[in-house]
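Participant: Pasting the sequence and the predicted coordinates here, then a few questions.
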Amino acid sequence: MENVQLLKRIPLFAEFKITELMNVSMVAQTVNYPAGELIFRENAKGDALYVIKQGEVKVTKNDSFGEAHVLAYLGVGEYFGEISLIDNAPRSASAYAGTDAVLLKIKHKDFKNLITGDREIERKFYKSFTGVLCERLRVANENLTFSREINRMIREIDGAAGSKGPASPSA
């Protein structure tokens with residue numbers, strides 16, 4: 001029942017009835033990761049959604065120079081890897097256990113089998129997934145706009161500093 005309560009708090013499953021959450025819980029497995037252990041690597045095949053039961057997870061993404069940047073620190077009740085429930089595309093980031101972590105893992109094929117047999121669960125999931133995706137797109141758009149504004153201000157400051165020219169020697 002603990003897993004059912006955890007799943008109920010996740011936006012992807014918010015509209016699910018208790019019996020539907022129990023069905024999702026039955027296809028989930030509990031996995032343990034010691035602090036620092038890789039959960040999955042960027043560009044690896046996506047095959048599961050993870051929900052944090054205990055601990056913390058660090059999500060990173062490599063830039064074009066291969067340097068890893070932290071995208072997020074996630075805690076109890078948060079989830080990641082949900083896109084893999086829709087497709088089997090490569091992971092867009094890496095995930096590591098930031099502390100000793102206990103995760104609920106829902107594999108793509110198990111979840112697909114579950115929703116294929118129940119149109120109501122499938123409808124609820126895709127509706128919720130679309131809402132989550134829209135919210136994340138809004139946030140990404142805001143971040144992109146903010147980044148562009150910062151870059152524009154930096155160019156303006158650099159341009160203003162460069163237009164003063166070299167200091168003239170004193171006579």
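Facilitator: The structure has been received and is ready for your questions.
Participant: can we go C-alpha only for contacts and neighbour counts from here?
Facilitator: Fine.
Participant: and Ile121, how many neighbours?
Facilitator: 21 (other Cα atoms under 10 Å).
Participant: mind listing what it touches?
Facilitator: By Cα atoms under 8 Å, 6 or more residues apart in numbering, the residues touching Ile121 are 16, 20, 115.
Participant: at 10 Å instead, please
Facilitator: 13, 15-17, 20-21, 23-24, 114-115, 127 (Cα atoms under 10 Å, 6 or more residues apart in numbering).
Participant: between those residues, which is nearest His69?
Facilitator: For those, the residue nearest His69 by Cα to Cα is Phe13; the value is 29.5 Å.
Participant: Pop out the phi and psi values for the closest one.
Facilitator: phi -120, psi 10 (degrees, to the nearest 10).
Participant: again with Ala89
Facilitator: Backbone torsions for Ala89, taken as degrees, to the nearest 10, come to phi -70, psi 160.
Participant: Surely it and Ala44 touch.
Facilitator: Yes - the criterion here is Cα atoms under 10 Å, and Ala89 meets it with Ala44 at 8.3 Å.
Participant: That's all I had, so thanks and see you.
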